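Trainee: Starting from these lines, generate the structure:
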Amino acid sequence: MSASNCLKDDCLFCRIIKGEIPSTLVYQDDCTYAFRDINPQAPTHILVIPKNHIDSCADISEENSEWVAGCFVSIAKIAASEGLEKGFRVISNSGEDAGQTVKHLHFHILAGTKMDEGLI
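Mentor: Residues are numbered from 1 along each chain as shown. Predicted structure coming up:
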């Protein structure tokens, strides 16, 4: 799995991965980059993104699914390191109507407060 030539120059999250835009790094490995959301919706709000540009959940394929699997392995590691043993929520918005504002697949880890069974 190599992200070389798989990042876009005009994508905010690709630029964060490349270090062109600052972020508060939480975790990274060969597959993923995770950082704190600048507009947190919960006491813990971390974004986990693949180091390969995939526009959204609608663009996941057999060819790129290993990047998505890597994100979920990272999510488990991040939850453990952040002490989220009471629970956390993982959300991914796909498309404009769902509220996706950055066209790079990403997963929100939300925790630190009691959440009800509603969507958010």
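
Trainee: Share the number of residues neighbouring residue 91, please.
Mentor: Other residues near residue 91 come to 14 when the count uses other CB atoms under 10 Å. Heads up, the C-betas are built off the backbone N, CA and C, glycines and all.

Trainee: what sits opposite it in the beta ladder?
Mentor: Bridge pairing for residue 91 (DSSP bridges) gives the partners residue 108.

Trainee: remind me, longest helix of this structure?
Mentor: Determined from DSSP state H, the single longest helix within the chain is helix 65-81.

Trainee: any idea of the mean pLDDT in that one?
Mentor: Averaged over helix 65-81, pLDDT sits at 97.

Trainee: Just the buried positions in that helix, please.
Mentor: Residues of helix 65-81 classed as buried: 67, 68, 70, 71, 74, 75, 78, 79 (neighbour count, 16 or more other CB atoms under 10 Å).

Trainee: could you redo those as TSV and give each row distance to residue 85?
Mentor: As requested, those are exported to TSV (distance: CB to CB, whole Å):
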residue	distance to residue 85
67	27
68	24
70	23
71	20
74	17
75	14
78	13
79	8
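
Trainee: Pick out the residue nearest the middle of this structure.
Mentor: By CA atoms, centre = their mean, the chain has its centre lying nearest to residue 48, at 2.2 Å.

Trainee: can you pull out the helices in this protein?
Mentor: Counting by DSSP H, the chain has helices at residues 12-17, 65-81.

Trainee: Remind me what the longest one packs against, helices and strands.
Mentor: Using 3 or more CB pairs under 8 Å, 6 or more residues apart in numbering; DSSP states H and E, the elements in contact with helix 65-81 are strand 25-28, strand 32-36, strand 44-50, strand 107-111.

Trainee: Deepest in the core, which of those strands is it.
Mentor: Counting by mean count of other CB atoms under 10 Å, strand 44-50 has the highest mean neighbour count of the helices and strands packed on helix 65-81, with a mean of 23.

Trainee: so what strands line up beside it?
Mentor: Partners of strand 44-50 in the sheet, by DSSP bridges, are strand 32-36 (antiparallel), strand 107-111 (antiparallel).
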